[in-house]
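# Provide a 3D model corresponding to the input given below.
(2 chains)
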2 protein chains.
Amino acid sequence: MPERGLLIVLSGPSGVGKGTVRKAIFESPDNDFEYSVSMTTRQKRPGEVEGVDYYYRTREEFEALIAEGKMLEYAEYVGNYYGTPLDYVNQTLDEGKDVFLEIEVQGAKKVKEQVPDGVFIFLTPPDLTELKSRIVGRGTDQLDVIEKRMEIAKKEIEMMTLYDYAVVNDSVPLAVEKIKQIIKSEHLRVDRVIDSYLKMLKEL
Amino acid sequence: MPERGLLIVLSGPSGVGKGTVRKAIFESPDNDFEYSVSMTTRQKRPGEVEGVDYYYRTREEFEALIAEGKMLEYAEYVGNYYGTPLDYVNQTLDEGKDVFLEIEVQGAKKVKEQVPDGVFIFLTPPDLTELKSRIVGRGTDQLDVIEKRMEIAKKEIEMMTLYDYAVVNDSVPLAVEKIKQIIKSEHLRVDRVIDSYLKMLKEL
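The predicted structure is shown next:
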């Protein structure tokens, strides 16, 4: 049996560019992980393909999977369910392949509870690193605007604490490179490889 | 104040090639960490330079530093002390620079106790990944030879459990690349960057 794959979760505040970064990762030549296709109850749009864009299911089918505990995470959005089917993820990990999820922060929280040894990567808005100038730099801003920015920044930083890594999305190619580095070095972590060594010893 | 640097500890069984890998890392163009020069009580050899090869101190001076708790780790070897002076390490980390130590496993164990948030990298003999064939593959080997190999392998694997990462030294350039990747992604760990974000928020 191969070493179990890694579950990689890319998330971050909405609008940060998760989808763009995820696409760039999968378009890059040397990626060797599987993208977990989400399941939805929304109508298939022209050009979309079952199993590529989404798995399309009825509301009843989706709710049955929820009831059976077969959704790793899910959420309802504008009257439709969106979620990650558990079976595909487990099967792929068991085959020794890494599975890549790009999901919203609420979903990532649920995945973290179920798969604490996943690799959780938080994509950070580029300007979070320039918080100060963003928040108080422009002298013309109203106090309520400044306070609102503070609130958003606080929430983003609080979200971050649930993750293993924070990658600033200041440039897509750079973010892609960093995420790939993280995944490669996570594979070198002793707690991920030690079992296979111990097993080898036992089998002798 | 800059973000505190990382303490990177490269170690592994004797003969695994730690020194070669360390030299290759420091000779590579894009390394940006400081090598911690060891202190010793042995005689300076022709060509060696104080502060480059070692800091050369008398036995009395070395023992005074030990007594003051100013050695991060030390060991006695063939009648001479060898060790890592703590002040240089702390000062460099405080400046926001990464410090790189290449030390024996006993020393690494002591450093781990004092600096648990260091990055501990275990360099693995290439053939540890081919344990089985190494140990029992050759039909001509005597049982005691096989058992001795088993013992060594067991000890190496036990050592590994104290480390964060295991890097196989099957090729020096590859090992160097992996170690650099590890260091880069360790800098992206949330628990290493979150403080600077929280501080930013507080200062506003």
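# Can you name the residues of chain A sitting close to chain B?
A:122, A:128, A:131-132, A:135-136, A:150, A:153-154, A:157, A:160-161, A:163-167, A:178, A:181-182, A:184-186, A:188-190, A:193-194, A:197-198, A:200-201, A:203-204 (C-beta under 8 Å from any C-beta of the partner chain). Placement of C-beta: from N, CA and C, glycine included.
# Mind checking which of those residues are in strands?
Using DSSP state E, the members of those that fall within strands are A:122, A:165-167.
# a markdown table for those residues, including neighbour count and pLDDT?
Below are those laid out as a markdown table (neighbours: other C-beta atoms under 10 Å in any protein chain shown; pLDDT from 0 to 100):
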| residue | neighbour count | pLDDT |
| --- | --- | --- |
| A:Phe122 | 27 | 96 |
| A:Tyr165 | 27 | 97 |
| A:Ala166 | 24 | 95 |
| A:Val167 | 23 | 95 |
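# State the distance from A:Gly69 to chain B.
29 Å (C-beta to the nearest C-beta, to the nearest Å).
# And A:Thr92, by the same measure?
Distance of A:Thr92 to chain B, given as C-beta to the nearest C-beta: 23 Å.
# about what we covered before: filter the residues of chain A next to chain B down to the buried ones.
The neighbour count (16 or more other C-beta atoms under 10 Å in any protein chain shown) marks A:122, A:128, A:131, A:135, A:150, A:153, A:157, A:160, A:163-167, A:178, A:181-182, A:185-186, A:188-190, A:193-194, A:197, A:200 as buried among the residues of chain A next to chain B.
# any idea how far A:Thr84 is from A:Tyr197?
In this view, A:Tyr197 and A:Thr84 are 31 Å apart by C-beta to C-beta, to the nearest Å.
# For the top helix by length along chain A, the averaged confidence score.
If you go by DSSP state H, chain A has its longest helix at helix A:143-160. Mean pLDDT, helix A:143-160: 81.
# what's the offset of that helix from the middle of its chain?
Here helix A:143-160 is found 22 Å from its chain centre; the criterion is C-alpha atoms, centre = their mean, to the nearest Å.
# List the buried residues of it.
For helix A:143-160, by 16+ other C-beta under 10 Å, it's A:146, A:149-150, A:153, A:156-157, A:159-160.
# what packs against it?
strand A:119-124, helix A:131-136, helix B:190-203 (3 or more C-beta pairs under 8 Å, 6 or more residues apart in numbering or on different chains; DSSP states H and E).
# by how many degrees do the last one and strand A:119-124 diverge?
Using axes from the mean of the first three to the mean of the last three C-alpha atoms, to 10 degrees, one finds that helix B:190-203 and strand A:119-124 are set 30 degrees apart in direction.
# Check whether helix B:190-203 comes near chain A.
Yes. Helix B:190-203 reaches chain A (C-beta under 8 Å from any C-beta) through B:190, B:193-194, B:197-198, B:200-201, B:203.
# Scan the helices and strands of chain A for the one with the lowest mean pLDDT.
helix A:131-136 (a mean of 61; mean pLDDT, DSSP states H and E).
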